[in-house]
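**Student:** build me a structure from this.
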Amino acid sequence: MEYATRYDVGDRKRASGINEDSVAVSVFEQGHRSGLRASDDAGAGDPDGVRDGDPAGAGRDATREGTAGDGSDDPESRSAFAFALADGAGGHDAGDVASYLATTRVLEELSPVAARAARSDPDPFGIDVSDAVLPGAPDDESLEAAVEAAVVAAHRDVVRYADESGTAAYTTLVAGICVDGRCHYGWVGDSRAYVVNAARDRIELLTKDHAVVEQLRDQGEVDDVAAHVHPRGNEITRALGGTGEADPDTATVPVDTESVPMYADDVLFVTSDGLIDAQTDAPTLYDRYVESGRDEEVAASVREAVVTDAELRDHVLRAASLGAAADDLIDLANERGGKDNLSLLLARDPALPPTPDDRPLRRALEPEPLEDRATVILREE
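**Tutor:** Below you'll find the model as predicted:
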């Protein structure tokens, strides 16, 4: 299993802002029979994994690589991976606390679930153990339910904090478990999960923003270009946490969940909206596009100014390592304006089977995702 994380306050907020994003990762790695070789890939000349000259963008790579042993098709190692990424709502009192509480609680809940799921199937290692000794293998529904339960538990922690502190605390969240060639994930808000596939040279969006602009696009009121730079792109319709008005013991939040196959050629790519919403001139670009009558030349200039999915894909695929890709993506966002905090997680498992070439590859929920900005909560009436 290989992964890299990065965090950055964003160029626009570097002088006085704080990073309200949070990322948590837990890897269960098992090697058997022919062993497992581990190596640290924190970056050449950078043993602590800190980006040179940029403490606000400090991150860490962790790489674990299985070795080719006896030449068989059996895996020499197997990974189960739990993750969470949260973007505390800017403009509210405790977004940084909310994101910390959310990611740490989710990993507390999901880490043992991931390890148990991996342990349940010893067959790839040629181990014959009765069902009475090992737990039964979970299905998609049960793992999605575990993700949902973990997110709700995190929501209650944030609500409890808001209740006890008397401060508003909100955060988005993307979380999940990847095990045995499947990723089971859930989300609340407008932080995103993608999968980038090297075999097909494509990027697919695995989540659908809980956001005003997403609703407007669904209703046909805005097109894809306008959605990139819409003035209401900072307004989300769903988040963890609250103002302390709910009962912390019973509070709940709707969680969307999905399960998708993963292959050795895939990179799981999870990010807050600060990466895809770096453009500081979005309202001006929106007005120019609308006033032009949605002229195609103006549309092309909008696409050039914002961070597009195609650029995200290209940065991931052309980089020499996940860590290098993560650094490039942080730089890209800051070059386009660095409007907001940003965080990201890149992960892949080379021990998985390769992408099949005899079937369509279709995992995206949306063919062309939205680009949103610093978070504003719209509470339901």
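**Student:** just the CA trace of stretch 142-159, in CSV.
**Tutor:** The C-alpha trace of stretch 142-159 is given here as CSV (Å, rounded to 0.1, in the frame of the first residue of the first chain):
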residue,chain,number,x,y,z
SER,A,142,-22.3,-3.9,5.8
LEU,A,143,-19.1,-2.0,5.1
GLU,A,144,-21.1,1.0,3.8
ALA,A,145,-23.2,0.8,6.9
ALA,A,146,-20.0,0.9,9.0
VAL,A,147,-18.9,4.0,7.2
GLU,A,148,-22.2,5.6,7.7
ALA,A,149,-22.2,4.8,11.4
ALA,A,150,-18.7,6.2,11.8
VAL,A,151,-19.7,9.4,10.1
VAL,A,152,-22.8,9.8,12.4
ALA,A,153,-20.6,9.1,15.4
ALA,A,154,-18.3,11.9,14.3
HIS,A,155,-21.2,14.2,13.7
ARG,A,156,-22.4,13.6,17.3
ASP,A,157,-18.9,14.4,18.6
VAL,A,158,-18.9,17.7,16.8
VAL,A,159,-22.4,18.5,18.0
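**Student:** that one: which residues count as buried?
**Tutor:** Buried residues in stretch 142-159, defined by neighbour count with 16 or more other Cβ atoms under 10 Å: 143-152, 154-159. Backbone N, C-alpha and C define where each C-beta goes, glycine included.
**Student:** and it, how far out from the chain's middle?
**Tutor:** Relative to the mean C-alpha coordinate of its chain, stretch 142-159 is positioned 16 Å out (Cα atoms, centre = their mean, to the nearest Å).
**Student:** and for stretch 343-361?
**Tutor:** For stretch 343-361, the gap between its own C-alpha mean and the chain's C-alpha mean amounts to 15 Å (Cα atoms, centre = their mean).
**Student:** do stretch 102-109 as well
**Tutor:** Here the centre of stretch 102-109 is set off from its chain's centre by 14 Å, with Cα atoms, centre = their mean.
**Student:** what's in contact with that stretch?
**Tutor:** Counting by Cβ atoms under 8 Å, 6 or more residues apart in numbering, the neighbours of stretch 102-109 from elsewhere in the structure are 22-26, 82-86, 146, 149-151, 153-155, 157-158, 171, 173, 175, 240-241.
**Student:** which of the buried residues of stretch 142-159 lies closest to residue 209?
**Tutor:** When the buried residues of stretch 142-159 are ranked by distance to residue 209 (Cβ to Cβ), residue 151 comes first, at 16.2 Å.
**Student:** that closest one belongs to a helix, doesn't it?
**Tutor:** Yes. The assignment for residue 151 (DSSP: H, G, I helix; E, B strand; the rest coil) places it in a helix.
**Student:** specify the beta-bridge partners of the residue most central in space within the chain.
**Tutor:** When Cα atoms, centre = their mean is applied to the chain, the residue found nearest the centroid is residue 270 (2.1 Å). Assessed by DSSP bridges, residue 270 has beta-bridge partners residue 193, residue 345.
**Student:** so what pLDDT did it get?
**Tutor:** The score at residue 270 is 98. That number is its pLDDT.
**Student:** before we move on, back to that, so which of the buried residues of stretch 142-159 are in helices?
**Tutor:** The helices, defined by DSSP state H, take in 143-152, 154-159 from the buried residues of stretch 142-159.
**Student:** tell me the one of those residues nearest residue 363?
**Tutor:** Minimum separation from residue 363 among those (Cβ to Cβ) is found for residue 144, which lies at 14.9 Å.
**Student:** okay, helices next: where are they in the chain?
**Tutor:** Taking DSSP H as the test, the helices found in the chain are 95-119, 140-165, 212-218, 224-228, 273-276, 282-291, 296-305, 309-318, 322-335.
**Student:** quick one: closest of those to residue 189.
**Tutor:** Closest among these, once you apply Cβ to Cβ, is helix 273-276, at 8.6 Å.
**Student:** looking at the helices of the chain, which is nearest to residue 196?
**Tutor:** When the helices of the chain are ranked by distance to residue 196, counting by Cβ to Cβ, first place goes to helix 309-318 at 4.6 Å.
**Student:** how far out from the middle of the chain is the closest one?
**Tutor:** Counting by Cα atoms, centre = their mean, helix 309-318 is centred 15 Å from the centre of its parent chain.
**Student:** quick check: buried residues in that helix?
**Tutor:** Buried residues in helix 309-318 (16+ other Cβ under 10 Å): 309, 311, 312, 313, 314, 315, 316, 317.
**Student:** what's the pLDDT at the first one?
**Tutor:** Among the per-residue scores, residue 309 shows a pLDDT of 90.
**Student:** quickly list what the spatially closest residue to it that is not a sequence neighbour is bridged to.
**Tutor:** Take residue 309 and drop its neighbours on the chain: the residue closest to it by Cβ to Cβ, 6 or more residues apart in numbering is residue 203, 5.2 Å away. Partner residues in beta bridges with residue 203: residue 196, with DSSP bridges as the criterion.
**Student:** can you report how many residues lie near residue 203?
**Tutor:** Using other Cβ atoms under 10 Å as the criterion, residue 203 is surrounded by 22 other residues.
**Student:** kindly report the same for residue 354.
**Tutor:** A total of 12 residues lie near residue 354 under the criterion other Cβ under 10 Å.
**Student:** next one: the nearest residue to it once chain neighbours are set aside from residue 112, what distance?
**Tutor:** In space, residue 354 comes closest to residue 264 once its chain neighbours are excluded; the distance is 5.2 Å by Cβ to Cβ, 6+ apart. From residue 264 across to residue 112, the span is 26 Å (Cβ to Cβ, to the nearest Å).
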